[in-house]
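**Student:** no FASTA, just this:
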């Protein structure tokens, strides 16, 4: 029997890309590939790319250049570019980098086996369509391998919001929700393979409106149905938009015990003037009132957010409004970035804030967010929390996992096992994780 072909995937960007990479590996697994951690050992290399940050395409070309010696040493090596840069650049990637054999967008990776057959026959393949068929239903069936205790599950893709800074509507397409039955089927399959925690994914996941029994279901109803699956202990969802946080989803945070007390809810700015320029269609005040309602439903809710500083036209006062919002809300963790223009978006045509000003603002904002994150972690010391252990740590006998609040927690105890959910007393807080002991 011939040795299996080896596949190396490098994933950039969001959790949805992590999920997509897993599905690409499964799709090619049906064609005889097994994954490898070393590009040097691979028969095929796939870069699953992200187009959100500045100079994303140039970074992909730079990465491809590093693979040239591998292609020289092994002319049979196949190299592909997938994801959002592939969607945006398409044929241009083939033109600029002749060593690339295939380019596949995020909506067509179910066609990878057919594309792989084309490149094995000596051809090159590009597919960046927005097909009508459901890619998830057309993925080849791979062997049902055991899974890690926590998994991602995409339920919604695309975005209809068209924020002025964002390229997602152009690379992922319009908002589409997967039918309820297909989501439930995949969730049950994951649980049968060892998954205890599922994170529901979508560009605007709380805009989910999938076809189910008795009509269209929102995200809250889907969560309540998922909670009925025996063996599924935890449910999370990301990323949400403030304008899609419906009443029943707010209520679910208070009355569905399997829905974890953690919410990522990006606001981007605390200035109404900048929010309007961003086309966010909400105000700082409406966001704060929404947080109040969420915390009324779940008082211990840990909040995460996204912030962009240096958006075109942002004044000192606009930035101070953002700092004021952060102080009022209080975040357990957050992600913050300097604005970077994405070609083709409305904001790219506007004059940016000087880089030194934007850098100074980012440094100040990150200092405040870090202070809040460390305070939230320090407040956990002495508390008992529920931890899902996921894998062995760096030290002998150490296991690491996630608390209900998504804090990384490590315990050194021979009784701790991967897949176990245990009560843990937090005994210390580090820069990015908590230390605990089994109760």
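**Tutor:** Cool, the structure landed. Note that the coordinates shown come from a computational prediction; the quantities given were computed from them, not determined experimentally.
**Student:** Please enumerate the strands of the stretch 51-200 of the chain.
**Tutor:** In the stretch 51-200 of the chain, the strands defined using DSSP state E, counting those that start in this stretch lie at 78-83, 102-104, 125-127, 150-154, 156-157, 176-177, 197-201.
**Student:** got a list of what residue 373 touches?
**Tutor:** Residues in contact with residue 373 (C-beta atoms under 8 Å, 6 or more residues apart in numbering) are 331, 332, 333, 334. The C-beta positions use only the backbone N, C-alpha and C, and glycine is treated the same way.
**Student:** Got the confidence number for it?
**Tutor:** pLDDT, residue 373: 97.
**Student:** Okay, and it sits in which element?
**Tutor:** Residue 373 belongs to helix 355-378 when assigned by DSSP states H and E.
**Student:** for residue 8, same thing?
**Tutor:** Per DSSP H and E: residue 8 is located in strand 5-11.
**Student:** got the angle between that strand and strand 78-83?
**Tutor:** Going by axes from the mean of the first three to the mean of the last three C-alpha atoms, to 10 degrees, strand 5-11 is angled at 30 degrees with respect to strand 78-83.
**Student:** pLDDT weak spots in this structure?
**Tutor:** For the chain, applying pLDDT under 70 flags the ranges 1-2, 52-54, 131-144.
**Student:** ok, and the closest non-adjacent residue to residue 106?
**Tutor:** In this structure, residue 106 finds its nearest non-sequential neighbour in residue 83, 5.6 Å apart by C-beta to C-beta, 6 or more residues apart in numbering.
**Student:** excluding its backbone neighbours, what's nearest residue 335?
**Tutor:** residue 306 (5.1 Å).
**Student:** Give me the buried positions along the helix or strand containing the one you found.
**Tutor:** Per DSSP H and E, residue 306 falls inside strand 302-309. For strand 302-309, burial by neighbour count (16 or more other C-beta atoms under 10 Å) applies to 302, 303, 304, 305, 307, 308, 309.
**Student:** The second one against residue 266, yeah?
**Tutor:** No - Residue 303 sits out of contact with residue 266 when judged by C-beta atoms under 8 Å, with a separation of 10.6 Å.
**Student:** can you map out the helices along the stretch 301-439 of the chain?
**Tutor:** 316-329, 355-378 (DSSP state H, counting those that start in this stretch).
**Student:** In the longest one, which residues are buried?
**Tutor:** So that's helix 355-378. 357, 358, 361, 362, 365, 366, 368, 369, 372, 373, 376, 377.
**Student:** ok, the first one - contacts?
**Tutor:** Okay, so that is residue 357. Contacts of residue 357 by C-beta under 8 Å, 6+ apart are residue 310.
**Student:** Which stretches in the stretch 201-350 of the chain count as strands?
**Tutor:** Secondary structure of the stretch 201-350 of the chain (DSSP E, counting those that start in this stretch): strands at 209-212, 215-218, 234-238, 262-264, 302-309, 333-338.
**Student:** Listing partners with orientation, what would you give for the shortest one?
**Tutor:** Here strand 262-264 has these sheet partners by DSSP bridges: strand 302-309 (parallel).
**Student:** Run through the residues that contact the nearest residue to residue 167 once chain neighbours are set aside.
**Tutor:** The spatially closest residue to residue 167, leaving aside those adjacent along the chain, is residue 342, at 4.2 Å (C-beta to C-beta, 6+ apart). Shown in contact with residue 342 (C-beta under 8 Å, 6+ apart): 51, 52, 165, 166, 167, 348.
**Student:** tell me, how many neighbours does the fifth one end up with?
**Tutor:** Read that as residue 167. Using other C-beta atoms under 10 Å, the number of residues around residue 167 comes to 22.
**Student:** Equivalent analysis for the first one, please.
**Tutor:** By the other C-beta under 10 Å criterion, the neighbourhood of residue 51 contains 25 residues.
**Student:** Kindly report the same for the one 5 residues further on.
**Tutor:** Here the count is done by other C-beta under 10 Å, and residue 56 has 21 residues near it.
**Student:** ok, the closest residue to it other than its chain neighbours - how many residues close by?
**Tutor:** Excluding the flanking residues, the one nearest residue 56 by C-beta to C-beta, 6+ apart is residue 85, at 5.6 Å. For residue 85, the count of nearby residues is 27 (other C-beta under 10 Å).
**Student:** ok, now which ones touch residue 85?
**Tutor:** 49, 50, 51, 56, 57, 60, 93.
**Student:** Now residue 372: closest residue in space, sequence neighbours ignored.
**Tutor:** Once flanking residues are discounted, residue 372 sits nearest to residue 331: 5.2 Å by C-beta to C-beta, 6+ apart.
**Student:** Can you tell me how far the one you found is from residue 368?
**Tutor:** Residue 331 sits 9 Å away from residue 368, going by C-beta to C-beta, to the nearest Å.
**Student:** Do I have it right that residue 32 meets residue 4?
**Tutor:** Yes - with contact defined as C-beta under 8 Å, residue 32 and residue 4 form a contacting pair (5.6 Å).
**Student:** Please, where are all the helices along the stretch 101-250 of the chain?
**Tutor:** Counting by DSSP H, counting those that start in this stretch, the helices of the stretch 101-250 of the chain are 112-120, 168-171, 180-192, 219-226, 247-255.
**Student:** Quick check: residue 237 vs residue 150, distance?
**Tutor:** Note on residue 237: its distance to residue 150, by C-beta to C-beta, is 13 Å.
**Student:** just residue 438 next, same as before
**Tutor:** Per C-beta to C-beta, residue 438 is found 19 Å from residue 150.
**Student:** What of residue 364?
**Tutor:** Going from residue 364 to residue 150 by C-beta to C-beta gives 34 Å.
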